[in-house]
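A.B. asks: Build me a model:
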Amino acid sequence: MNSEMLRKIIEGAIMAAGKPIDIVRLEALFEESECPPRDQIRAAIEEIQADCEERGFELVQVASGYRFQVRQQLSDWVNRLWEEKPKRYSRAMLETLALIAYRQPLTRGDIEAVRGVAVSSDIIKSLQERDWVRIVGHRDVPGRPALYATTKQFLDYFNIKSLEYLPTLGEIKDFSELDPDLELALATVPADMPIAENDDLAVTDNAEFELNQQQDGSEEVTSNLKLPTQQTTESANNSVASDE
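C.D. replies: Purely as a prediction, here's the structure:
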């Protein structure tokens, strides 16, 4: 198969998928006898990315794979396609999400111990309904409280390839006014605390966590994207900001 045809197939598949698509899924588009080598697929993706450099959209890799999305600097204009105002999330929800993202896996009690107030069931429910947070196990203590961790959907929404690329707390605008105690708790993660999430894990006790977000086996790349930003054309109206 010539490179031009391969590129067209990849472009069409990513465009039609409606969600990020990884290299393993791209390989599945071909019959075994015609499947191009993985490095050839990567080369085609790089060519597509180069072709998008002067366009209003780009091809990026997030946790679940590759997707086309509107460039960040165009979001002010593109957002006007939607009459609905961007959703605004409460400070309590953002703080809860931040704690789970940076100190996962942890229980509701862990969150309450840091924040100093009870965590509303509605907050946990909302995070689960958005597929940003899921139960990944239960702590082996009386009551067996659920352990929460983030999902690949969380990483995709915030345009992050893996948890290794979570920005530092100083880079997150919405958390810049956090209480000093909370910011300290987020920043001082114990060395032996696992900080990862794997969507392939079953809900079991004492689940093991690892940074296993790249199913296509690609080499890691640096990211200059910051939370909270999401620029896909289908969700450009869902920007995140804290309540007054």
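A.B. asks: wait, isn't residue 123 in contact with residue 99?
C.D. replies: No: when contacts are counted by CB atoms under 8 Å, residue 123 is not listed as touching residue 99 (11.1 Å). Any C-beta I mention is one placed from the backbone N, CA and C, and that applies to glycine too.
A.B. asks: For this structure, just list every one of the strands.
C.D. replies: Along the chain, counting by DSSP state E, strands occupy 57-62, 65-70, 133-138, 146-150.
A.B. asks: Point out the most buried one among the ones you listed.
C.D. replies: When the strands of the chain are scored by mean count of other CB atoms under 10 Å, the highest mean neighbour count falls to strand 146-150 (a mean of 23).
A.B. asks: I'd like the mean pLDDT over it, please.
C.D. replies: Summarised as a single mean, pLDDT over strand 146-150 is 94.
A.B. asks: Now that strand - C-alpha only, PDB.
C.D. replies: C-alpha atoms of strand 146-150 as PDB (Å, rounded to 0.1, in the frame of the first residue of the first chain):
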ATOM      1  CA  ALA A 146     -14.200   2.400  47.900                       C
ATOM      2  CA  LEU A 147     -11.000   3.600  46.300                       C
ATOM      3  CA  TYR A 148     -11.300   6.200  43.600                       C
ATOM      4  CA  ALA A 149      -9.100   6.900  40.600                       C
ATOM      5  CA  THR A 150      -9.300   8.800  37.400                       C
END
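A.B. asks: and it with strand 133-138, angle?
C.D. replies: 140 degrees (axes from the mean of the first three to the mean of the last three CA atoms, to 10 degrees).
A.B. asks: which residues touch strand 146-150?
C.D. replies: Residues from elsewhere that reach strand 146-150 (CB atoms under 8 Å, 6 or more residues apart in numbering): 100-101, 104-108, 124, 132-139, 163, 196-197, 207, 209.
A.B. asks: Can you tell me which of these are buried?
C.D. replies: 100-101, 104-108, 124, 132-134, 136-139, 163, 196-197, 207, 209 (16 or more other CB atoms under 10 Å).
A.B. asks: Quick one: closest of the strands of the chain to residue 25.
C.D. replies: strand 65-70 (6.8 Å; CB to CB).
A.B. asks: okay, residue 72: pLDDT?
C.D. replies: 86.
A.B. asks: Residue 7 contacts residue 44, correct?
C.D. replies: Yes: the criterion here is CB under 8 Å, and residue 7 meets it with residue 44 at 4.6 Å.
A.B. asks: Settle it for me: which of these two has more neighbours?
C.D. replies: residue 44 (21 against 17; other CB atoms under 10 Å).
A.B. asks: That one contacts residue 12, doesn't it?
C.D. replies: No: using CB under 8 Å, residue 44 is not in contact with residue 12, being 11.9 Å away.
A.B. asks: pLDDT weak spots in this protein?
C.D. replies: Residues of the chain meeting the criterion pLDDT under 70: 84-87, 169-244.
A.B. asks: Just the helices from it, written as ranges.
C.D. replies: 3-17, 23-27, 38-51, 75-78, 91-103, 108-115, 121-129, 152-157, 180-187 (DSSP state H).
A.B. asks: who wins for proximity to residue 61 among those?
C.D. replies: Using CB to CB as the measure, helix 38-51 is the one of the helices of the chain that comes nearest residue 61, at 8.4 Å.
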